[in-house]
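Enquirer: Sharing a sequence plus its predicted fold:
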Amino acid sequence: MLNKTMAITKQKKAEIIAKVDEILDKSSTIVFARFTRLTVEEQSEMRRALRAQGVGYTVAKKTLVRRSLDAKKYAGTFPALEGEVAIAYSADELAPARELAVFVKKFPEHLVWAGGVFGGSYVDASGIKAIAAIPGLQTLRAQFVQLINSPRQRFAVALSEQAKKSA
């Protein structure tokens, strides 16, 4: 019978730390999510969707993640990581939180925010949730254009109505 808590060799630990270090170097934002009893099917669906959006997803031991994060000297307080923890990451600052939010809503009993790193500082779970609510750049641009065009549209409608009355 296999022991579920088998010790990881030093070589394997070094490989995991190197991978986490690489993730931290290449990513603008890192999101930690606590997961419990996610099925293989749910994890596969989530990984495919995240990968399609350019978001990486990995699972590593908290102590090894902590070791890599401590070396980076991020500002703020390290979030409490309990249970099994996954890391979502991307060069896009908003994508990891926004894309993982879809699955936090879809699997609320299995996946929960745990915190992360945003803008070089640690952020707690509520901070990551707030970041996830920020719309994407395309949506913000569309909202800005709508805001700029709104007075012009109202003015054009008013002129049109005035022209109809005087005709």
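Expert: It's in. Residues are numbered from 1 along each chain as shown.
Enquirer: The residue sitting furthest away from the middle of the chain and residue 159, how far apart?
Expert: Most distant from the centre of the chain: residue 167, at 57.4 Å, with distances by CA atoms, centre = their mean. Residue 167 sits 12 Å away from residue 159, taking CB to CB, to the nearest Å as the criterion. C-betas here are computed from N, CA, C, even on glycine.
Enquirer: now swap in residue 25 and tell me
Expert: With CB to CB as the criterion, residue 25 and residue 159 are 57 Å apart.
Enquirer: Which pLDDT value goes with the residue farthest from the centre of the chain?
Expert: Turning to residue 167, the model gives it a pLDDT of 70.
Enquirer: swap in residue 4?
Expert: We have a pLDDT of 55 for residue 4.
Enquirer: and what of residue 38?
Expert: Model confidence at residue 38, expressed as pLDDT, equals 87.
Enquirer: surely it meets residue 112?
Expert: No. At 11.2 Å, residue 38 and residue 112 do not qualify as touching, with contact defined as CB atoms under 8 Å.
Enquirer: Between these two, point out the one with more neighbours.
Expert: Between residue 38 and residue 112, counted using other CB atoms under 10 Å, residue 38 has the larger neighbour count: 19 against 16.
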